[in-house]
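Participant: Can you look at this prediction? I've put the sequence above it.
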Amino acid sequence: SSSSNASVNQMNGSDGGGVTFSALGFGPLVPVYKEDGSLSGPLKDGAQMNNPVALINDQVVDKFRNYFQGTAFLEWEILSGLKFKTAWTYTYSDRKQRQFTSGENLLSYKGQGYAYMNDQETTNWLGENTLTYSKTFNKDHSLNVVAGFTAEASEYFNNNSSGKGFDIESLGYWNMGLANSSLLSVASGGNHSAIASWLGRVNYAYKGKYLASVSFRADGSSKFAKNNKWGYFPSAALGWRISEEDFMKDISWIQNLKLRASYGETGSQAITAYQSLASFSTTSYVLNGSSAVALVPGRVPNPDLKWETTKQTDIGIDLSVLGGRISLVADYYYKKTSDLLLNAPIPGTSGLNTIMRNIGSVQNQGFELTLNTHNIQTDNFNWMSTVLFSVNRNKILSLGENDEDIYPAPRHPQGDMLILRVGEPVGSLWGLRRLGTWGEDEAAEAAKYNRLPGDVKYEDLNGDGEVNEGSNTITDSGDKKIIGN
């Protein structure tokens, strides 16, 4: 466990900028202090800028943190080769922030003072229970069986309040009630999520050269809809250690040669809690001349939300030669992810913009190679090298019933900057295609687009004489195909 606290200056200032920025930009002819001893500013040659000393003296932030983690486990050998293990971990963390900014000298809070308080509390517990059986039969048959159950739960709570307009600043953040009631806000929230898993695995080897493994797991997550909380994910693998065969015994320069093949399914629950449920948020409106608070829909429910599933096939080879001085690992893989968890657009008439859905599928296929060499090894010098090479091709296969384009966040002020489109890689950039700058000999053509020589030149894709949203296209596929090191 651990705890810490600190009293620090926020250093980011207010509307006038941070301490360093203000120190560089504050008028050099303006003294830090006035003749009466008070701080000068906020000003800079007629423009508004915070006095850097005021940023340091008039703002304080106290931060506190407590952290605890405890783990306990028990292992019991029930019979020869049969073991039971249970392990439990509990984690607790809380963070507190207390901030007060004087309203005496800083732009954002001039004459009003500002206080802010925030408390965050996180708890997590994890329990793992496994039963393992290992046995070798007749020296040739090796068996390892694992069965288990795991469970994990997390809870988060957040509470914050802020206020402006303190007539009395000497108490700092200790009495939030002194803030102007119309400028006082309080908010709180939290979430809870849990996951439980049943799992099993069987590994078998014959004479150390024929290898087989099968596994299965059932995962249940609180994040999904009532009838879809559980997902089921099998996997299997085969291996053949060719170097252990009799016909390889005379090839002394090969120490290890192994072929591998596997197929497996995994699930993803990478969404925030409650996405399958409806939510409401608050808004204010005027009723009979007074401000009132109302609840409005914040999220559309999805009773069909379920696990995102990835199915992957892998074929590989392991090779080690010359006494292990050179080793090679090569893999080809094909991976398809379906039932993608995406915020899909919905008609604006619903009052909202998106809904969390399982739509579409994405494929990744590629090749990975790792080469390790032990070049020189002496008592005084050791030189090893590693070469990595990979090729990956990513492509969106489908995006729901109509395969309509999706424009995910983030966005820029001019519009969307990312696009999901069938046939294109995930992460494709969307926008105007830059052709360079307008030259002096293109002044007449540039004028058609209200541009001058030297301005940025964009491609008019639809030929309508304007550069607007109709000229947007995929400017970068985002599919980085070859990586080497």
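Facilitator: Here it is on my side, so go on. Numbering: from 1, shown residues only.
Participant: pretty sure residue 408 is in a helix, no?
Facilitator: No: residue state for residue 408 (DSSP: H, G, I helix; E, B strand; the rest coil) corresponds to coil; a helix is not indicated.
Participant: Just give me the neighbour total for it.
Facilitator: A count of neighbours around residue 408, defined by other CB atoms under 10 Å, yields 16. C-betas here are computed from N, CA, C, even on glycine.
Participant: For it, give its distance to residue 456.
Facilitator: According to CB to CB, to the nearest Å, residue 408 stands 26 Å off from residue 456.
Participant: for residue 202, same thing?
Facilitator: Relative to residue 456, and taking CB to CB, residue 202 is found at 62 Å.
Participant: Looking at the two, which has the bigger crowd around it?
Facilitator: residue 202 (16 against 12).
Participant: residue contacts, the more buried one?
Facilitator: 143-146, 213-215 (CB atoms under 8 Å, 6 or more residues apart in numbering).
Participant: And those, which of them are buried?
Facilitator: 144-146, 213, 215 (16 or more other CB atoms under 10 Å).
Participant: about what we covered before: as JSON lines, the contacts of residue 202 with pLDDT, secondary structure and distance to residue 326 would be great.
Facilitator: Below are these laid out as JSON lines (pLDDT from 0 to 100; DSSP: H, G, I helix; E, B strand; the rest coil; distance: CB to CB, whole Å):
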{"residue": "143", "pLDDT": "96", "secondary structure": "strand", "distance to residue 326": "33"}
{"residue": "144", "pLDDT": "97", "secondary structure": "strand", "distance to residue 326": "31"}
{"residue": "145", "pLDDT": "97", "secondary structure": "strand", "distance to residue 326": "36"}
{"residue": "146", "pLDDT": "97", "secondary structure": "strand", "distance to residue 326": "34"}
{"residue": "213", "pLDDT": "97", "secondary structure": "strand", "distance to residue 326": "27"}
{"residue": "214", "pLDDT": "98", "secondary structure": "strand", "distance to residue 326": "33"}
{"residue": "215", "pLDDT": "97", "secondary structure": "strand", "distance to residue 326": "32"}
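Participant: got CSV for those residues, with distance to residue 36 too?
Facilitator: Formatted as CSV, those follow (distance: CB to CB, whole Å):
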residue, distance to residue 36
143, 88
144, 82
145, 84
146, 78
213, 81
214, 83
215, 78
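Participant: Spatially nearest residue to residue 211 (excluding sequence neighbours)?
Facilitator: residue 239 (3.5 Å; CB to CB, 6 or more residues apart in numbering).
Participant: For that neighbour, which residues are in contact?
Facilitator: Residue 239 neighbours (CB under 8 Å, 6+ apart): 210-212, 258-261.
Participant: tell me which element the spatially most central residue of the chain falls in.
Facilitator: What sits nearest the mean C-alpha location of the chain, by CA atoms, centre = their mean, is residue 270, with 9.0 Å. Per DSSP states H and E, residue 270 falls between elements, in no helix or strand.
Participant: Distance check, it against residue 248.
Facilitator: 45 Å.
Participant: before we move on, what about residue 261?
Facilitator: Relative to residue 248, and taking CB to CB, residue 261 is found at 20 Å.
Participant: One more: residue 313?
Facilitator: Using CB to CB, residue 313 is found at 27 Å from residue 248.
Participant: Then residue 342?
Facilitator: 50 Å.
Participant: Which one of these two is surrounded by more residues?
Facilitator: Set residue 342 next to residue 248 and count neighbours by other CB under 10 Å: residue 342 wins out with 20 against 14.
Participant: Now the more buried one. Nearest residue, chain neighbours left out?
Facilitator: Of all residues not flanking residue 342 in the chain, residue 359 sits nearest, at 5.7 Å (CB to CB, 6+ apart).
Participant: Kindly report the same for residue 185.
Facilitator: Going by CB to CB, 6+ apart, residue 185 has residue 162 as its nearest residue, at 5.5 Å.
Participant: beta partners for that neighbour?
Facilitator: Here residue 162 sits in beta bridges with residue 116, residue 185, going by DSSP bridges.
Participant: which residues in the stretch 151-300 of the chain form strands?
Facilitator: In the stretch 151-300 of the chain, the strands defined using DSSP state E, counting those that start in this stretch lie at 184-206, 210-221, 230-241, 254-268, 279-287, 290-299.
Participant: Could you do the stretch 301-450 of the chain as well?
Facilitator: 308-321, 326-338, 341-345, 354-358, 361-377, 382-398, 411-412, 415-416, 418-419, 428-431, 434-437.
Participant: And these: which comes nearest residue 83?
Facilitator: strand 308-321 (29.4 Å; CB to CB).
Participant: Could you tell me which strands sit next to that closest one in the sheet, and their orientation?
Facilitator: strand 254-268 (antiparallel), strand 326-338 (antiparallel).
Participant: Mean neighbour count and mean pLDDT added to the ones you listed, as a markdown table?
Facilitator: Formatted as a markdown table, the strands paired with strand 308-321 follow (neighbours: other CB atoms under 10 Å; pLDDT from 0 to 100):
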| stretch | mean neighbour count | mean pLDDT |
| --- | --- | --- |
| strand 254-268 | 16 | 95 |
| strand 326-338 | 16 | 96 |
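Participant: With distance to residue 378 added, can I get the ones you listed in TSV?
Facilitator: Formatted as TSV, the strands paired with strand 308-321 follow (distance: least, CB to CB, whole Å):
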stretch	distance to residue 378
strand 254-268	21
strand 326-338	18
